[in-house]
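Trainee: using only what follows, build the 3D model:
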Amino acid sequence: MASIELKSVEKWFGEVQVIKGVDLTINEGEFVIFVGPSGCGKSTLLRMIAGLEETSRGQIIIDGRDATAEPPSKRGLAMVFQSYALYPHMSVRDNVGFPLKSAGVPKEEIDAKVAEAARVLKLDPYLDRRPKDLSGGQRQRVAIGRSIVRDPTAFLFDEPLSNLDASLRVEMRYEIAKLHQTLNASMIYVTHDQVEAMTLADRIVVLEFGKIAQVGTPRELYDSPANLFVAQFIGSPKMNILPCSSNGGQYTVAGGRGGPVSGAAVHLGIRPEHIVLGAEGTGQVDGVVDVLEYLGADTFLIFDCGEAGQVTVRINGDTDLKPGDRLGLTFDPDRLHFFSADGLAI
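Mentor: From the prediction side, this is the model:
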């Protein structure tokens, strides 16, 4: 295991700055996920930690030593890519053991480490198969096994599940979570899927245009977003953001009603599950049911609330409501989020 520390890290491609002074400490044994929209710099930052991209400015400290100028082979890290990159002519056994064979490790030691990796990843029945005979999830486990046998100081994952279908993604999320529990190793994982981030991470790093927007546990980011970007990125469906005004310690939703607030709020945030439906004229705002999205256990109601805009409400899956119904929406007063004109949480 190893701790990894980034100190004022920057990355420039010519005159374009893509990583803009990142400071971050990843503790030993911690599972940290970089998340954000496409182009935010999360994969570039991971590749800088791995040594696959040069660091323009700043320092990368791995296990207490300055590794900024070290080549990837000296950093003691193992990287699992989006592409499995398996050798098609080799068996699973040979693919997993290949890094050790290349390093000149004795065959007995290779066999022992491959057997242990296969046990951890449940690959024992497939050791003599070739990659073409495996499913996508099994191939990804082989790629992870190839990293495990190297006994790295930390694991780096670059969107490893993006090539899998929905059911396999769920299965592999479970496998990776169990792997972290078993190995208790430091892991850094990049994804654009905030569901993966919420379900796997000890801490999430939300990136926006090459800067850290917020760092925290999944619950901290969900319950206490630091700004509008995090509020709308974390959560599925995303937080409702409504225009509002404030005066004399009271807020008023555009086209609706309000309540007490401290600070100069111009945006009100409320999550879909924190809204209660009632008769028209009750609550903070009235709306007309526009669309129903039935998902089995849950139904998402999308309301047209006039000046307040579109509001999504999560309710129990069984409902008699239909498009065109008019209702009042009451917001849980303990679950309101207010944001200032510059997008920061109040």
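Trainee: can you give me the strands in the stretch 101-250 of the chain?
Mentor: Here the stretch 101-250 of the chain has its strands, by DSSP state E, counting those that start in this stretch, at 154-158, 186-191, 203-208, 211-216, 240-247, 250-253.
Trainee: okay, now the domains of the chain?
Mentor: 4-232, 240-339 (automatic domain parsing).
Trainee: give me the low-pLDDT residue ranges for the stretch 1-150 of the chain?
Mentor: The model of the stretch 1-150 of the chain has pLDDT under 70 over residues 1.
Trainee: just want the angle from the longest helix anywhere in the chain to strand 186-191.
Mentor: The residue-count maximum for a helix in the chain (DSSP state H) belongs to helix 166-183. Helix 166-183 runs at 160 degrees relative to strand 186-191, counting by axes from the mean of the first three to the mean of the last three C-alpha atoms, to 10 degrees.
Trainee: which of the residues in helix 166-183 are buried?
Mentor: Leu168, Arg169, Glu171, Met172, Arg173, Glu175, Ile176, Leu179, His180, Leu183 (16 or more other C-beta atoms under 10 Å). Bear in mind the C-beta positions are built from the backbone N, C-alpha and C, glycine included.
Trainee: just put the strands of the stretch 101-250 of the chain in JSON lines and tack on distance to Leu24.
Mentor: Listed next are the strands of the stretch 101-250 of the chain as JSON lines, based on distance: least, C-beta to C-beta, whole Å:
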{"stretch": "strand 154-158", "distance to Leu24": "13"}
{"stretch": "strand 186-191", "distance to Leu24": "10"}
{"stretch": "strand 203-208", "distance to Leu24": "6"}
{"stretch": "strand 211-216", "distance to Leu24": "7"}
{"stretch": "strand 240-247", "distance to Leu24": "27"}
{"stretch": "strand 250-253", "distance to Leu24": "35"}
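Trainee: let me see the mean pLDDT of the longest helix of the chain.
Mentor: On average, the pLDDT along helix 166-183 is 85.
Trainee: remind me what it packs against, helices and strands.
Mentor: On a contact count with 3 or more C-beta pairs under 8 Å, 6 or more residues apart in numbering; DSSP states H and E, helix 166-183 meets helix 107-121, helix 136-148, helix 194-200.
Trainee: run the chain-centre distance for the first one.
Mentor: Put simply, helix 107-121 sits 31 Å off its chain's centre (C-alpha atoms, centre = their mean, to the nearest Å).
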